[in-house]
Each structure stands twice: as C-alpha cells, then as structure tokens.
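Task: produce atomic coordinates for the following.
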Amino acid sequence: VQTCFETTLYVFTFLWTPLLQDAANATALAAGRSIENNAAEIPHGIIFSTYMASMMSGSKIYAEMRAYFNISDSLLLIVSFIVSLLSFITASWFQSALVVHMSFMAFELCCGIYFPSISTLRSPCIPESQRATILSIFRIPLNVLVVSSIYIDFTNQTICMICCVFMLVGLLCQVRFHLVDNTDYSNVQASKDGGI
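Residues are numbered from 1 along each chain as shown. Predicted coordinates for the structure are as follows:
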C-alpha cells in the first residue's frame, strides 16, 4: 500500500510541471493564442503553493473525520486511493490546464489524508525497534519503480496512466487489508498505552 501510493507521489513530483505545461499550451492553442516564447508559461510558485495548501487541508480533513465521525484510518485510505485514482485518470484524459490543476489539487488533498492514516495503521503493525529497517526495505521497490517510470522515455500521459495502475494496485491491497483486519488501530494503540 505504502509503496504504491508513495511511488505515485514521487512520480507526481516530476510529472506535474510538464503535464500542466502541456495542458496550458493546449488551452492556449484552443483559445487561438500563440505559445511561442513561453507565452503560456504556468506560474510554478503559485501552483506549488496551492498544492501545499491542498495537502494541509487534507490533514485537517483527516483530523476532522477521525474526531467527529470516527471513520477508520483504513477506510480513509481507501477513499484517498479512489480519489487519487480518479484525479490521475482525469489528468491523463483532459487537456484543460484548469481541469488538470484541480485534479492535482485533489491528489494533494489525498496526500494530506494519506500520511497520518498510513502512520497510524503502520505503528501497531511494525515494531518500533525494527521500523527503520523495514521501511528502508519498502523503499527499495519504491525507488526502482520511480526511477524506471522516469528513466524510460514514456509520454506524460503514459506516465500518468502508470500512476493510475499504481493507485489501483494500492487500492486493491488496501481493500484487502481492510477486509482481512478491520481493526481500528488508533484505538488499539490507545488501549496499549493505558489510554483514553
């Protein structure tokens, strides 16, 4: 689950600029504007800050969903995978700069939900004394997948569809995990700590 989502996240780090620039060029051409001399150049700083604001909003949504609705982390991860999958399908399908940007903002929102969810689910499953070693081992396939996706000369849309495949595999793994072990791990950890 972690490898699939984070592979997509790291590929997205390299993908968002060229994919969004291609969409901006297509939008400019459709409107009859010239794209010579980078006339359709995207505002990278503003776009990046909207992505970070979306990620922060996702973290806030995570906290609200856990506090007020008591939705399990496992279910939040499933929803994050579904929305992320749909956002990459949308980004690969449409050539509108606004649509691509909004779909990437949705993905960043899901990243904000993903990180606290996976941390909560991972903590009771992986012993703290071995956590660094195990997570380093998980990073091996992640790095191989990221480098392979970027190194091979695919089109941006093809890489986006590869991200969809990673998201689909991660979604299926998370659904399987959710069905096999439907324990709310945050409550299990709290009871181990003599908690609340």
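
for the protein, which spans come out with low pLDDT?
Applying pLDDT under 70 to the chain picks out residues 34-40, 182-196.

how about 50 then?
185-186, 188-196 (pLDDT under 50).

All the helices of it, residue numbers only.
Ranges of helices in the chain, per DSSP state H, are 2-30, 44-68, 73-93, 97-125, 131-151, 156-180, 185-192.

now for the third one, which elements pack on it?
So that's helix 73-93. When contacts are defined as 3 or more Cβ pairs under 8 Å, 6 or more residues apart in numbering; DSSP states H and E, helix 73-93 packs onto helix 2-30, helix 44-68, helix 97-125, helix 156-180. C-beta coordinates here come from the backbone N, C-alpha and C atoms, glycine included.

Tell me what angle that helix forms with helix 156-180.
Between helix 73-93 and helix 156-180, the angle comes out at 160 degrees (axes from the mean of the first three to the mean of the last three Cα atoms, to 10 degrees).

Mind listing residues that contact stretch 71-79?
Around stretch 71-79, the neighbours that count as contacts under Cβ atoms under 8 Å, 6 or more residues apart in numbering are 1, 62, 65-66, 113-114, 116-118, 120-121, 171, 174-175, 177-178, 182, 184-186.

same deal with stretch 89-106?
Residues outside stretch 89-106 that contact it (Cβ under 8 Å, 6+ apart) are 12, 16, 19-20, 22-24, 26-27, 30, 42, 47, 50-51, 54, 83-84, 86-88, 157, 160-161, 164.
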